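Undergrad: Attaching a predicted model along with its sequence, questions to come.
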Amino acid sequence: MRFDGRSYAVVVNGQDVSEHVAAVDVHAVPHDLPRVVLHLRPTGAWPTELDLLARVEVGVSPEPGPAAAAFLEALDPLELERAALGRMDLENVSGGGTAAVLRQLAEWARGA
């Protein structure tokens, strides 16, 4: 992207594609490549000569791994253990404690 103080231009491989772009999102997290999403205008046609310059994802959700890792790293292990052991659905069977922990994590991940 170029900005001259008054206006901006979206440039891909030296070609100005601003007329095709409605919005630009930039997302960056530490230790990962930044992701730039170009939202095309509904009536715009993307220049076919630029198709090979970027990875195109249509309707693909981002990988959940980094978000899941950040969620898990933020948890207090003692709080998780107390919550899992206090669950009404805790079963006294092999794997019952682990199942309770997983159910608790799923509830917290959903915001419950």
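TA: Received, thanks.
Undergrad: Would you map out the domains in this structure?
TA: 2-62, 67-109 (automatic domain parsing).
Undergrad: Residue 26 against residue 34, yeah?
TA: Yes. Using CB atoms under 8 Å, residue 26 is in contact with residue 34, at 6.3 Å. For every residue, glycine as well, the C-beta is placed using N, CA and C.
Undergrad: anything in contact with each of those two?
TA: By CB atoms under 8 Å, 6 or more residues apart in numbering, residue 26 and residue 34 have no common neighbours.
Undergrad: Now tabulate the domains of the chain in a markdown table and tack on mean neighbour count.
TA: Output for the domains of the chain, formatted as a markdown table (neighbours: other CB atoms under 10 Å):
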| stretch | mean neighbour count |
| --- | --- |
| domain 2-62 | 10 |
| domain 67-109 | 12 |
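Undergrad: mind checking pLDDT for residue 60?
TA: You'll see residue 60 listed with a pLDDT of 53.
Undergrad: Distance check, the spatially closest residue to residue 2 that is not a sequence neighbour against residue 16.
TA: Spatial nearest neighbour of residue 2, chain neighbours left out: residue 9 (4.6 Å); criterion: CB to CB, 6 or more residues apart in numbering. The gap separating residue 9 from residue 16 is 5 Å, by CB to CB, to the nearest Å.
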